[in-house]
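> Structure, please.
(2 chains)
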Amino acid sequence: MRTSWADAVENVATGSFDNAGISGGTERQSAPTKPAYVPPHLRNRTPASEPPAPSLGGPPSGNDRSGYGGPTSGSRWAGSRPDFGRQGYGGGGRGGGGWGGRGGWGGRDREVNPFGNDDVETDAERVFNEQENTGINFDAYEDIPVETSGDNVPPPVNTFADIDLGDALNLNIRRCKYVKPTPVQRHAIPISLAGRDLMACAQTGSGKTAAFCFPIISGIMRGQFPQRPRGVRTVFPLALILSPTRELSMQIHEEARKFAYQTGVKVVVAYGGAPINQQLRELERGVDILVATPGRLVDLLERAKVSLQMIRYLALDEADRMLDMGFEPQIRKIVEQMDMTPRGERQTMLFSATFPKEIQRMASDFLSNYIFLAVGRVGSSTDLIVQRVEFVHDSDKRSYLMDLLHAQKANGAQGKQSLTLVFVETKKGADSLEHWLCLNGFPATTIHGDRTQQERELALRSFKSGNTPILVATDVAARGLDIPHVSHVINFDLPNDIDDYVHRIGRTGRAGKSGLATAFFNENNTSMARPLADLMKESNQEVPDWLTRFASRSSYGGKSRRGGGRFGARDFRRDSSYNRSGGGGDYYGGGSSAGYSGGYGGGYNPGAASAWD
DNA sequence: AAAAAAG
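Below is the predicted model of the structure:
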């Protein structure tokens, strides 16, 4: 079934795109004819040396589609790849030449080096650093449970060298000291490079950001895009990355800037709570990839500072959160009611560690003939995190907390570097606990949505640096934040959703490091007893007897169990209750997907079913 | 019921 890379790509190019659901309802305004977009790596070349560009001329979306659908076009998706992109931007500095492509860039400022120093390490250093930097037992990767479903799933790769990401990006990968792709990267990158939509479920701390950034950057470097209008005050990013919190957007931006360094791909971030004028100035200097939180983006769209009509890539990080009750209307507005390129004509990638079925169903509105990917963690789920639950009445929580913090301090072995993240339920509770900790001589700070953005960022910096090694946080810090050296996550108040718990404890045990998670449980948390006990059992944790008793007593109103504990979720399309609806044709390209008719995706390998069924 | 996200 799986053949070669090129075949897989070819299959995608020649048939299985779902175009059916799109052509009807979506009418897009024709943009005026524009000169062809010059990709960054070609900007200082003479026309004679350029590869034949697909003819562009009509509406940007329509003909770009034919551009990557056509097998002979030599487009960025197709199997036939001209060698542009492989040379001319390799040797470190990308040389001075004035770029013709973008207006007003003649005196373009020098790109700030996002890496501490620009040296690419020697091989000896690389070997030395390999374990320290990855910390992951790569030998165990063979055992990692992986589930894919959907049509013609491209096969995974084993090394970055197996994928042609381009010299500039490869150099940045080395600068980041990434040696091997993580499991989610091994699977997700080929899928994205093949132009497919993707719903990816992978554990916290498993390299998801790079998994969606690499294909986006690579695609923009190679892509042929219509020239974006200049001289207007509206900017036209090619890629949009949305995340649920400002700090996470900042973090993604910082990472993406490293990956995009010296590729000519410009990454800009926009989020609320910060002066908009500075962000506007950044935008006006040019943007290929926009990283944003929903509120600020809607603001920018309504002011017509940003247009989404040239978006080719849409990525939602923490996608399940983005589509939950609070966020969903805003996301729907951005994706469906503004001028966003319709699904099928853009590439959409959804990533999260958890993916409830109801959210998957909603998310499929944004996707076209997508591949579902679930990648487990090395070993069993959350193997690297030791989870403890203690029964603590609300009135005793503070003194219990103090005991834990004293013990941590006395332990000392982890030293100054050891950080403790304390989650509470409410903003008020966060302030009050921080105040109390400080009164009692514990160096604590707090982050939550009632603090100013400046205070939030200061708190996070102070925590990261070890200056205040205790951070009291609401769920604003539950997802995605990569904070090295968090050795202990304390759920002072348990969340009401097991998925939130999973994300919270995922702030420790990152990048192969071990971590400890302690939860305070009492009679107010009975609804969490069952899912918590199940989760702990699945991750080989010791479940206290009293919790088991609570679990068996509690009626079960929560969400159904995750697939065997190896994954955050499984493809809802494989759930029989969704297959009889007949709406399935929506997702599988209106019959072009013979491989799926049995209920399993064409790329699914039946021989391995016993591993997770 | 709370948290996040615009000002």
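> Pull up the residues of chain A that are close to DNA strand B.
A:244-247, A:271-274, A:276, A:293-299, A:302, A:324-327, A:330, A:425-429, A:448-450, A:474-476, A:496 (CB under 7 Å from any atom of the strand). No exception for glycine: its C-beta is placed from N, CA and C like everyone else's.
> For the helix or strand containing residue A:401, which outside residues touch it?
According to DSSP states H and E, residue A:401 maps onto helix A:397-411. Applying CB atoms under 8 Å, 6 or more residues apart in numbering, the contact partners of helix A:397-411 are A:390, A:392, A:414, A:418, A:420, A:422, A:433, A:436-437, A:440, A:442, A:470, A:487-488, A:490, A:492, A:518, A:520.
> can we see that at 6 Å?
Helix A:397-411 has contacts (CB atoms under 6 Å, 6 or more residues apart in numbering) with A:392, A:442, A:492, A:520.
> Just to check, the last one is in contact with residue A:392?
If I follow you right, that is residue A:520. Yes: taking CB atoms under 6 Å as the definition, residue A:520 is a contact partner of residue A:392 at 4.1 Å.
> More neighbours: those two, which one.
When neighbours are counted by other CB atoms under 10 Å, residue A:520 and residue A:392 differ, and residue A:520 comes out ahead with 21 against 18.
> The host helix or strand of that one pairs with which strands, and in what direction?
Element membership of residue A:520 [criterion: DSSP H and E] is strand A:515-521. Strand pairing for strand A:515-521, determined by DSSP bridges: strand A:385-391 (parallel), strand A:486-491 (parallel).
> For residue A:229, see how far away the nearest residue to residue A:317 once chain neighbours are set aside is.
Once flanking residues are discounted, residue A:317 sits nearest to residue A:243: 4.5 Å by CB to CB, 6 or more residues apart in numbering. The spacing between residue A:243 and residue A:229, counted by CB to CB, to the nearest Å, is 27 Å.
> Export the strands paired with strand A:515-521 to a markdown table and append columns for mean pLDDT, mean neighbour count and distance to residue A:265.
Shown next, in a markdown table, are these (pLDDT from 0 to 100; neighbours: other CB atoms under 10 Å; distance: least, CB to CB, whole Å):
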| stretch | mean pLDDT | mean neighbour count | distance to residue A:265 |
| --- | --- | --- | --- |
| strand A:385-391 | 94 | 19 | 35 |
| strand A:486-491 | 94 | 24 | 31 |
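> Figure out which of those is closest to residue A:238.
Each of the strands paired with strand A:515-521 has some distance to residue A:238 by CB to CB; the shortest is strand A:486-491, at 34.7 Å.
> helix or strand right after that closest one?
In N-to-C order, the element after strand A:486-491 by DSSP H and E is helix A:498-505.
> Ramachandran angles for whatever residue of the stretch 1-150 of chain A ends up closest to DNA strand B?
Closest approach between the stretch 1-150 of chain A and DNA strand B, counting by CB to the nearest atom of the strand: residue A:114, at 22.7 Å. Torsion angles at residue A:114 (phi, psi; degrees, to the nearest 10) stand at phi -80, psi -10.
> Just the buried ones from the residues of chain A next to DNA strand B, in PyMOL syntax?
Buried residues among the residues of chain A next to DNA strand B (16 or more other CB atoms under 10 Å), as a PyMOL selection:
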select buried, chain A and resi 244+245+246+247+271+272+273+274+276+293+294+296+297+298+324+327+330+425+427+429+448+474+475+476
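> For the helix or strand hosting residue A:211, which helices and strands make contact with it?
Residue A:211 is located in helix A:208-222, with elements delineated by DSSP H and E. Packing contacts for helix A:208-222, counted by 3 or more CB pairs under 6 Å, 6 or more residues apart in numbering; DSSP states H and E, involve helix A:183-193, helix A:246-260.
> Mind checking the pLDDT average for the longest one?
Taken as a whole, helix A:246-260 carries a mean pLDDT of 96.
> Quick one: name whatever helix or strand follows it.
According to DSSP H and E, the helix or strand after helix A:246-260 is strand A:267-270.
> Averaged pLDDT, that next one. What do you get?
Mean predicted lDDT for strand A:267-270 stands at 97.
> so what strands line up beside that strand?
Strand A:267-270 has these strand partners (DSSP bridges): strand A:289-292 (parallel).
> picking that back up, between the helix holding residue A:401 and strand A:515-521, how big is the angle?
160 degrees (axes from the mean of the first three to the mean of the last three CA atoms, to 10 degrees).
> Return the set of buried residues in stretch A:338-352.
Under 16+ other CB under 10 Å, the buried positions of stretch A:338-352 are A:338, A:340-352.
> and of the residues you listed, the nearest to DNA strand B?
residue A:338 (12.6 Å).
> Is the closest one in contact with residue A:301, as I believe?
Yes: counting by CB under 6 Å, residue A:338 touches residue A:301, with 5.2 Å between them.
> higher neighbour count, residue A:243 and residue A:229?
A count of neighbours by other CB under 10 Å puts residue A:243 above the other of residue A:243 and residue A:229, at 29 against 15.
> what's that one in contact with, if anything?
A:249, A:252, A:317.
> Identify, from the residues you listed, the entry nearest to DNA strand B.
The nearest one, if we look at the contacts of residue A:243 relative to DNA strand B and count by CB to the nearest atom of the strand, is residue A:249, at 7.9 Å.
> give me the number of residues near that closest one?
With other CB under 10 Å as criterion, residue A:249 counts 26.
> how close does it sit to residue A:286?
19 Å.
> same deal with residue A:458?
From residue A:458 to residue A:286 the distance is 30 Å (CB to CB).
> Mind checking which of these two has more residues around it?
The neighbour comparison of residue A:458 against residue A:286 (other CB under 10 Å) goes to residue A:286, with 19 against 16.
> And for the more buried one, nearest residue in space, chain neighbours not counted?
Nearest residue to residue A:286, sequence neighbours excluded (CB to CB, 6+ apart): residue A:266, at 4.9 Å.
> okay but that neighbour is in contact with residue A:284, surely?
No: in this structure, residue A:266 is not within contact of residue A:284 by CB under 6 Å, at 11.3 Å.
> between the two, which one's more packed in?
residue A:266 (21 against 14).
> Show me the strands in chain A, by range?
Assigned by DSSP state E, chain A shows strands spanning A:146-149, A:198-202, A:239-242, A:267-270, A:289-292, A:313-316, A:347-352, A:371-375, A:385-391, A:419-423, A:444-447, A:470-473, A:486-491, A:515-521.
> strands paired with the first one, and their directions?
Partners of strand A:146-149 in the sheet, by DSSP bridges, are strand A:371-375 (antiparallel).
> what bits of the stretch 451-600 of chain A have low per-residue confidence?
Along the stretch 451-600 of chain A, the model assigns pLDDT under 70 to residues A:511-513, A:555-568, A:576-600.
> could you redo the last one with a cut-off of 80?
A:510-514, A:554-569, A:575-600 (pLDDT under 80).
> Pick out the residue in it sitting closest to DNA strand B.
Counting by CB to the nearest atom of the strand, the stretch 451-600 of chain A gets nearest DNA strand B through residue A:476, at 3.3 Å.
> Residue A:245 is in contact with that residue, correct?
Yes: counting by CB under 6 Å, residue A:476 touches residue A:245, with 5.5 Å between them.
> Residue A:342 and residue A:368: what is the separation?
9 Å.
> intersection of neighbour lists for these two?
Counting by CB under 6 Å, 6+ apart, nothing touches both residue A:342 and residue A:368.
> thinking residue A:453 is in contact with residue A:273, fair?
Yes: using CB under 6 Å, residue A:453 is in contact with residue A:273, at 3.1 Å.
> is the closest residue to residue A:239 other than its chain neighbours in a bridge, and if so with what?
Excluding its sequence neighbours, the residue lying closest to residue A:239 (CB to CB, 6+ apart) is residue A:313, at 3.8 Å. Taking DSSP bridges as the rule, residue A:313 bridges to residue A:239, residue A:347.
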